[in-house]
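In: Got a sequence here, can you build the structure:
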Amino acid sequence: MENTALLIERFIQYSRQHGLIGELDAYVSRNTLLDLFGLSEPWQGEVPEEHFEVPTVLLDALLDDAAARGLYDGEVPALRVNFEARIMGAVMPRQSEVEARFASLLHTEGVRAATDYFYDLCIVSNYIRTAQIAKNIKWDYPCKYGDLEITINLTKPEKDPKTIALERLQPAASYPKCMLCIENIGYAGRVNFPARQNHRVVPIELCGEKWYLQYSPYVYYNEHCIVFGHDHKPMSITPETFGQLFDFVRQFPHYTCGSNADLPIVGGSILSHMHFQGGNYTFPMQRASALASFRHPDYPQLQIDTLRWPVSAVRVTGRNADEMIAFASRFLETWRGYSDPSADILAQTVENGVATPHSTVTPILHYEEEKGFILDLVPRNNRTSAEYPEGIFHPHREIHHIKKENIGLIEVMGLAILPSRLKKQSEMIAAVLSGTADAAECKAAAPEHADWLDYLTEKYGTALAPQAAEETVRREIGAKFETCLEHAGVFKQTAEGNAAFARFLAAVGCTEC
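Out: So this is what the prediction gives:
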């Protein structure tokens, strides 16, 4: 094993090269790391000249060393990740320094320079886990709506039995209240909650309220950011939400920004803390073409279109933000009270005298120089039925072998985030289609795919070339995601569905052009 003190010096050198620490900061960081590893003095010899884009190689060596020293249980992956953040925390700039640097760049060089700095900081500090993200499997799936983007997410490994056992022994904890709370900055973590010593945020103001900008540790697209409120309060889609989205995009016009819905089934994974997601990225949905055009007498400057997209959506384009916010507010208010039983849409149901609301909206905003603001409003409904107990407008059970989780903001925009199990399972299925694996064994290993495997072998046989088999399985997974999005659409892309969508827009006050 390499000398620990030398590893520390190599890590200090990396941190200096990337501007995480200054010349005198290196003494503080070195002493912190020596103490962490139980060393009495630093390396006295030469340090090899080397340059790394990210610290993965150095961190892995330090983590192996720390596990050998018994500084954490090396058999528990979650504890390895947490100790990594602890090491990285020794070379991080203070939160106030990050704020000052961001503000200075914003003032002198503009918003892109400021976000470029902050994004790079999150990469070189390994908060954005680029080595893990690189393992994700991605491909495009062309369909009648355009190209959907498919990702098998390998960044979050499945929990091993020892981790699960340790989590059960953890005492109940309420600090931080959730993974988005501002108190996460510098938090040491626990086996069932990630450490955040390398986590920094940028404070911003939206409509007079204190919010924060951060990046996702497991970015699904370029500059995948999260914008969260200071207070720990639940997700809520209101007219104020639209105002906050516009305020954000005014300040960060190179970013798309949207909100998950605020109801179970059709919302995101965190409903307990108000937040948006966005990034410097063009999503498949943004390339969707118009299906039908409408106008509204109260908002004559706005272009209003339904989209040729599997998840029902209205696109509003204009330069007058106030008009767009007013239209979106009317759209939301109308949708929340709108029922059309012929289209399976009920605004609420009543049981034992208690009314349960079912309708909300997923809003998505971006800005284009030539067109102005472009706001996509996606009507959502979370009602269940005996036929569809997980949700009428949720992936139906025939899709669950591929995806059964909620269709949140990112999926609505055409980017599939699929579970890691599909990597091995899709390889097994491709092997069956190429005649190098037994179908019965594949079904035994992945019984949820049994019916699908029968369909695939009947359609394609078992004599495909290996590459053709892999491409076939990917194409069929893409088709499943396309169907999954169609299930989530409240107005189907059929003559009946389009007519039902037009009836709703008439209730909003729109007439078709």
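
In: and stretch 422-440, how far from the chain's centre?
Out: Chain-centre distance of stretch 422-440: 29 Å, with CA atoms, centre = their mean, to the nearest Å.

In: May I see the buried residues of that stretch?
Out: 422-423, 425-426, 428-434, 437, 439 (16 or more other CB atoms under 10 Å). Bear in mind the C-beta positions are built from the backbone N, C-alpha and C, glycine included.

In: among those, which two are most distant?
Out: 423 and 439 (19.3 Å; CB to CB).

In: Partner strands of the helix or strand residue 142 falls within and their direction?
Out: Per DSSP states H and E, residue 142 falls inside strand 137-143. Partners of strand 137-143 in the sheet, by DSSP bridges, are strand 146-152 (antiparallel).

In: For the partner strand, give the mean pLDDT please.
Out: What strand 146-152 shows for mean pLDDT is 98.

In: Stretch 181-197 too?
Out: So the average pLDDT for stretch 181-197 ends up being 96.

In: Please write out the alpha-carbon positions of that stretch in CSV.
Out: Listed next in CSV are the C-alpha coordinates belonging to stretch 181-197 (Å, rounded to 0.1, in the frame of the first residue of the first chain):
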residue,chain,number,x,y,z
CYS,A,181,-32.7,21.1,3.6
ILE,A,182,-30.1,23.9,3.9
GLU,A,183,-28.8,22.1,7.0
ASN,A,184,-27.2,19.5,4.8
ILE,A,185,-24.2,21.7,4.1
GLY,A,186,-21.3,20.1,5.9
TYR,A,187,-23.4,17.3,7.4
ALA,A,188,-21.4,14.2,8.4
GLY,A,189,-24.0,11.7,7.3
ARG,A,190,-25.0,8.3,8.7
VAL,A,191,-25.4,4.9,7.1
ASN,A,192,-28.9,5.8,5.9
PHE,A,193,-28.3,9.5,5.0
PRO,A,194,-25.5,10.8,2.8
ALA,A,195,-22.6,12.9,4.1
ARG,A,196,-22.4,16.4,2.7
GLN,A,197,-19.0,17.8,3.8
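
In: May I see the buried residues of it?
Out: So for stretch 181-197, counting by 16+ other CB under 10 Å, buried means 181-182, 184-187, 189-191, 193-197.

In: Max pairwise distance over those: which two?
Out: Applying CB to CB across the buried residues of stretch 181-197, the maximum distance is between 182 and 191, 22.6 Å.

In: what's near enough to touch residue 137?
Out: 151-152, 154, 423 (CB atoms under 8 Å, 6 or more residues apart in numbering).

In: any idea which of these is closest to residue 312?
Out: Nearest member of the contacts of residue 137 to residue 312, counting by CB to CB, is residue 151, at 23.3 Å.

In: Contact partners for the closest one?
Out: Contacts of residue 151 (CB under 8 Å, 6+ apart): 136-138, 220, 415-418.

In: neighbour-wise, which of those residues leads?
Out: residue 416 (27 neighbours; other CB atoms under 10 Å).

In: related to what we said a few turns ago, of the contacts of residue 137, which is the nearest to residue 488?
Out: residue 151 (17.5 Å).

In: Format the buried residues of stretch 422-440 as a markdown table; extra columns: distance to residue 78.
Out: Below are those laid out as a markdown table (distance: CB to CB, whole Å):
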| residue | distance to residue 78 |
| --- | --- |
| 422 | 23 |
| 423 | 21 |
| 425 | 24 |
| 426 | 27 |
| 428 | 28 |
| 429 | 31 |
| 430 | 32 |
| 431 | 32 |
| 432 | 35 |
| 433 | 36 |
| 434 | 37 |
| 437 | 33 |
| 439 | 37 |
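
In: Go through those and say which is closest to residue 53.
Out: residue 423 (25.4 Å).

In: Now do the closest one against residue 38, distance only.
Out: 39 Å (CB to CB, to the nearest Å).

In: isn't residue 286 right next to residue 368, touching?
Out: No - with contacts counted by CB atoms under 8 Å, residue 286 stays clear of residue 368, the gap being 9.1 Å.

In: Overlap of the contact sets of the two?
Out: residue 374.

In: Looking at those two now, which is surrounded by more residues?
Out: Using other CB under 10 Å, the more surrounded residue of residue 286 and residue 368 is residue 286, with 18 against 12.

In: any idea how far that one is from residue 415?
Out: Residue 286 is 11 Å from residue 415, by CB to CB.

In: what does the host helix or strand of residue 454 rub up against?
Out: For residue 454, the host element (DSSP H and E) is helix 450-460. Helix 450-460 is contacted from outside by 401, 429, 432-433, 439, 442-443, 469, 472-473, 476, using CB under 8 Å, 6+ apart.

In: What helices and strands are in contact with whatever helix or strand comes next after it?
Out: As assigned by DSSP H and E, the chain's next helix or strand after helix 450-460 is helix 466-488. If contacts are counted by 3 or more CB pairs under 8 Å, 6 or more residues apart in numbering; DSSP states H and E, helix 466-488 sits against strand 137-143, strand 146-152, helix 409-412, strand 415-418, helix 421-433, helix 450-460.

In: low pLDDT regions in this structure?
Out: The chain contains residues with pLDDT under 70 at 1-2, 157-167.

In: residue ranges of the strands in the stretch 251-400 of the chain, please?
Out: All strands of the stretch 251-400 of the chain, identified by DSSP state E, counting those that start in this stretch, fall at 256-258, 275-279, 290-295, 303-307, 314-318, 348-351, 354-357, 359-368, 372-381.

In: Just confirm residue 461 contacts residue 439, I think it does.
Out: No - with contacts counted by CB under 8 Å, residue 461 stays clear of residue 439, the gap being 11.5 Å.

In: now the closest residue to residue 334 other than its chain neighbours: how far from residue 32?
Out: Nearest-residue entry for residue 334: residue 508, 4.8 Å, with adjacent residues in sequence omitted and distances by CB to CB, 6 or more residues apart in numbering. Distance, residue 508 to residue 32, using CB to CB: 59 Å.

In: Those two: which is more packed in?
Out: Between residue 508 and residue 32, counting by other CB under 10 Å, residue 508 is the more crowded of the two (19 against 16).

In: residues in contact with that one?
Out: 296, 330-331, 334 are the contacts of residue 508 under CB under 8 Å, 6+ apart.

In: Filter those down to the buried ones.
Out: 296, 330-331, 334.

In: What about residue 133, how many residues nearby?
Out: 18.

In: residue contacts, it?
Out: 155, 218-219.

In: So which of the residues you listed wins on neighbours?
Out: residue 219 (21 neighbours).

In: what are the ranges of the strands in the stretch 101-250 of the chain?
Out: Counting by DSSP E, counting those that start in this stretch, the strands of the stretch 101-250 of the chain are 137-143, 146-152, 202-206, 209-215, 225-229.

In: Which one of the ones you listed lies nearest to residue 355?
Out: strand 225-229 (27.4 Å).

In: buried set for the helix holding residue 454?
Out: For helix 450-460, using 16+ other CB under 10 Å, the buried residues are 452-453, 456, 460.
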